[in-house]
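**Q** fold the following, please.
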Amino acid sequence: MASFCSLTLILISIFAFSISIANSKTLKRDGKFCLYFVAVKALNEIKASLGWRVVYAWIGDDPCGDGDLPPWSGVTCSTQGDYRVVTELEVYAVSIVGPFPIAVTNLLDLTRLDLHNNKLTGPIPPQIGRLRRLRMLNLRWNKLQDVLPPEIGELKRLTHLSLSFNNFKGEIPRELANLPELRYLYLQENRFTGRVPAELGTLQNLRHL
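**A** Got it, this is the predicted structure:
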């Protein structure tokens, strides 16, 4: 009898553990779905805004394509499990006009963001620090202005940062020294004042400044 009871308890424990694992996986899948939903919403907000025009054919509502329609031009997606994520946004040299779209900072899986050679204006929003997987940020040849947000220093995986040929002002933020993977840093042709922060000398991987 004792043996039978022990076996029953073991089976109950295994069953409960299996339910727990199943629920955990479901939560993870649902979480990834929610992230993709947020990314789709963000890109559709960009699509609907006045400055993001027609040169790139963004057809349909799904930026990664829905089987019948191709992915949006300049948008790269990858598959993670059952769901897709937006990993690259490269829309450059198409005369995009207007402020830097905050909706971009909801694309949390981005590794590349390339909007160079457009006519973007205003500051880089501090929410840029949310893009923790970003490895390349290219905003050169725009009309961006104001000071650089120190939140750029939160992009720990960044290897390429190109902000040249804009109208940024103020001091170069010392928080850029918090980017251990940074190799290429382009800041020329702006309106920065003061000296280059000495802290940038600690960036061991930096090849070009």
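**Q** so what's the residue count around Gln127?
**A** When neighbours are counted by other C-beta atoms under 10 Å, Gln127 registers 15. Where you see a C-beta, it was placed from the backbone N, CA and C, and this is true even at glycine.
**Q** doesn't Pro101 make contact with it?
**A** No: counting by C-beta atoms under 8 Å, Gln127 stays clear of Pro101, with 10.6 Å between them.
**Q** contacts only, for the residue nearest the centre of the chain.
**A** Central residue of the chain (C-alpha atoms, centre = their mean): Leu110, 3.3 Å from the mean position. Residues counted as contacts of Leu110 (C-beta atoms under 8 Å, 6 or more residues apart in numbering) are Val86, Thr87, Glu88, Leu89, Val104, Leu131, Arg133, Leu134.
**Q** give me the pLDDT for it.
**A** For Leu110, the model assigns a pLDDT of 97.
**Q** distance of it from Leu187?
**A** Going from Leu110 to Leu187 by C-beta to C-beta, to the nearest Å gives 21 Å.
**Q** tell me where the longest strand sits in this structure.
**A** When the chain is parsed with DSSP state E, its longest strand is strand 83-90.
**Q** centre of the chain to that strand, how far?
**A** Chain-centre distance of strand 83-90: 9 Å, with C-alpha atoms, centre = their mean, to the nearest Å.
**Q** so what touches stretch 174-194?
**A** Outside stretch 174-194, the residues touching it (C-beta under 8 Å, 6+ apart) are 135, 140, 150-172, 197, 199-200, 202-209.
**Q** just checking, which of the residues you listed belong to strands?
**A** Those of the contacts of stretch 174-194 lying in strands (DSSP E): His160, Leu161, Ser162, Asn167, Phe168, Lys169, Gly170.
**Q** which residues pair with the fifth one across the strands?
**A** In this entry, Phe168 is beta-bridged to Asp146, by DSSP bridges.
**Q** show the pLDDT at it.
**A** Per-residue confidence (pLDDT) for Phe168: 98.
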